[in-house]
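K.L.:
Just a sequence and a predicted model for now, questions to come.
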Amino acid sequence: MPSEVLSDAPAAITTPTRSTAPARHLIEVVGVEKIFGDVATGHRALEAINVLIEEKEFFTLLGPSGCGKTTLLRMIAGFEHPTTGEIRLQGRDVASLPPRERPVNMVFQNYALFPHLTVSQNVAFGLEMLRWKKPDITARVQETLSLVKLSHFANRKPAQLSGGQQQRVALARALAPRPQVLLLDEPLSALDLKLRKEMQFELKRLQRETGITFILVTHDQEEALAMSDRIAVMNTGRVQQIGTPEEIYDHPTNRFVADFIGEANLIPGESLGRRSDAVIAIRPERIEIAGPGVTPRITGVVDNATFLGSDTLMEIIVPGIRLRARIRGAAKLPQGKEVGLVWETEAERELLD
Amino acid sequence: MMTTAARRKIRPFDWRHNPGFGIFSLAVMSFLYLPLVILVVYSFNANRFVTVWTGFSLHWFTRVANNGDIRHAAWVSVLVGVLATICSTAIAIAAALGFERGGRFKGEAAANSLVMMPLVVPEIVTAITTLIFFSSIGFHFGVLNLVLAHTVFCVPFAMLPIQARLNTIGTAYEDAGRDLYGGEWRIFMRITLPLMVPGIMAGAILAFVTSLDDFLISFMVSSAGTTTLPVYVYGMMRLGVTPEVNAISTILLVISAALALVAFLISRPNEAGAAAGTAAAAATATT
């Protein structure tokens, strides 16, 4: 528990004053490390984290469970504090401030809507805590509810709403105080597939219309690729790569990123006459069957071929590895047939770790 | 018949597949509740001998209602019950918050055991030590003695449902409140306390029923003029069992059962399930 128990909130969240050097980034996470428990023996959840997030950006922290992405998000919210390092918001170090002193709001994983309050009371909560005047609160609540298309549900209790509607209330509640940053902790994971796709567009629209920086945490790579301006791929407490979805997909910098984002064939360097300590990554859709008279890059034996409509997914056994190739159209090749495979040199990514 | 039975998945503890289970349950239920049924039935007996049924009558209930001593004892019981409930519930709320929201602290397990002690210590021991304690410090303030003694043993009963409720609520709502610029005190008043209400109601009712039903401690601590109803009934019994005793017992039984039912119903709706379970279990244990 923080030491300021029973003290009250400040009258308003003041915009952080810029430090002498003008901040070029909205959020700067610099050299952050988080150790849970004892510093010497405890669990190292985050290591050497450096992330810069721009204004009006849709930024995603992507990684498998336990990679530290939620810890980093909770740190930006103020629920966790870094063991070492700085978190700067508009140039001001906020790492030691409690959540209520940060102009940052969060959409919680299971929404955490107050069950005893109505939809409009939920949305008004942050504004009341900031001691806004009644008429201003009413106006902002109406405005925010119409933004998320929930105006007709203002007087319902959260339990009377569907999962998708609860999700919208959670968004409205977090957006009502117009934070500088909106944090979303796996917001779509509780929804079914169809609703999830719909909410992806909805989130993009809200971000565009409000101009607020969104930071999303997810383990779903498709979701991250579809929505983000930039993605930070994380694993085992470290940032593996930061870049646009295209950069992350086409130019993975290490084996983890290549394997985690989309599908990748990882071929040992020596099989292709490269450095023996390197691994070559090739996306299945870049591989083609060598036509007559073309020198194949590698040869193997067909293990199975599955026709998927627009293309055929083939598994080909090359000594030591099993390659997956997505061939356009129907490619009926019998099991056991020897095939040569080709791809453009620029499709190869040499990975050193 | 055969086909449905064969198709149904057989679970090892499914009562339908244990022959004799119904008869066994009936025997257990009779053993538990038959004495109560007899007591209640004979409180409506017209005869002055408890064991001879001669017809329906409310005579003994009117006798009880017109007995000034019984009315005084009932008043003392209710007064002590209400005051002890208020004090013990207040303490229980603070203790439950400390255990569920205070983070880990040194001696947490020991503190929890200390609060729960009245549930484990034989009541006669508590009764005698309370009596000795009050006389050794010369504390003789009538009803106040009873209220203090009852407050002490009511705390664990009040705390169990409140603590269970806090545990079910979890800390996510409070975190959301902090994220939305709430200070700790305002979060407690606007979020935590309203969500705790079903647990608090259940705890308070349990504490009241426990206080109302207590005999041993009240017997040791009460002085002339501060006799509670159970202690008064015990006094009557020494002059032989009269149907008046049946009538009082019936009244106490109905009040206790009604309160336990209310405690169960309050804490039941939607997400209050866990608190309801605890309250109901504890209520059954006391009655």
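P.N.:
Nice, thanks for sending it over.

K.L.:
residue contacts, A:Gln180?
P.N.:
The neighbours of A:Gln180, taking Cβ atoms under 8 Å, 6 or more residues apart in numbering or on different chains as the test, are A:Leu26, A:Leu89, A:Gln90, A:Pro103, A:Val104, A:Ile212, A:Thr213. C-beta: built from backbone N, CA, C; applies to glycine.

K.L.:
Look up how far A:Leu89 lies from it.
P.N.:
Distance, A:Gln180 to A:Leu89, by Cβ to Cβ, to the nearest Å: 7 Å.

K.L.:
can you check A:Leu52 too?
P.N.:
Going from A:Leu52 to A:Leu89 by Cβ to Cβ gives 12 Å.

K.L.:
Looking at these two, which is more packed in?
P.N.:
Neighbour totals were compared for A:Leu52 and A:Leu89, and A:Leu89 leads with 23 against 16 (other Cβ atoms under 10 Å in any protein chain shown).

K.L.:
Let me see the contact set for residue 195.
P.N.:
You didn't pick a chain, so chain A it is. Applying Cβ under 8 Å, 6+ apart, the residues near A:Leu195 are A:Gly163, A:Gly164.

K.L.:
You answered for a different chain; I wanted chain B.
P.N.:
Each residue near B:Leu195 by Cβ under 8 Å, 6+ apart is listed here: A:Pro115, A:His116, B:Arg165, B:Ile169, B:Tyr173.

K.L.:
what does the stretch 151-287 of chain B have sitting close to chain A?
P.N.:
Neighbours of chain A within the stretch 151-287 of chain B, by Cβ under 8 Å from any Cβ of the partner chain: B:172-173, B:175-186, B:190-191, B:194-195, B:270-271.

K.L.:
From those residues, list just the buried residues.
P.N.:
Neighbour-count burial (16 or more other Cβ atoms under 10 Å in any protein chain shown) applied to these gives B:173, B:175-184, B:186, B:190-191, B:195.

K.L.:
Farthest pair within these?
P.N.:
The largest separation in these, counting by Cβ to Cβ, is between B:Tyr181 and B:Leu195 at 19.2 Å.

K.L.:
where exactly do the helices run in the stretch 51-200 of chain B?
P.N.:
Secondary structure of the stretch 51-200 of chain B (DSSP state H, counting those that start in this stretch): helices at B:59-66, B:68-101, B:108-120, B:123-136, B:143-169, B:172-179, B:184-187, B:193-213.

K.L.:
can you list the ones you listed in TSV and add distance to A:Ile287?
P.N.:
Shown next, in TSV, are the helices of the stretch 51-200 of chain B (distance: least, Cβ to Cβ, whole Å):
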stretch	distance to A:Ile287
helix B:59-66	93
helix B:68-101	57
helix B:108-120	60
helix B:123-136	80
helix B:143-169	54
helix B:172-179	47
helix B:184-187	57
helix B:193-213	57
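
K.L.:
Compare those helices and give me the one nearest A:Ile317.
P.N.:
Comparison of those against A:Ile317 by Cβ to Cβ identifies helix B:172-179 as nearest, at 49.7 Å.

K.L.:
For the closest one, which outside residues touch it?
P.N.:
With Cβ under 8 Å, 6+ apart, helix B:172-179 has contacts from A:77-79, A:98-100, A:104-106, A:108, A:110, A:112-115, A:125, A:129, A:173-174, B:101, B:186-187, B:190-192, B:195.

K.L.:
and that helix with helix B:193-213, angle?
P.N.:
Computed by axes from the mean of the first three to the mean of the last three Cα atoms, to 10 degrees, the angle separating helix B:172-179 from helix B:193-213 equals 140 degrees.

K.L.:
Now do helix B:172-179 against helix B:68-101, angle only.
P.N.:
Angle between the axes of helix B:172-179 and helix B:68-101 is 60 degrees (criterion: the same axes, to 10 degrees).
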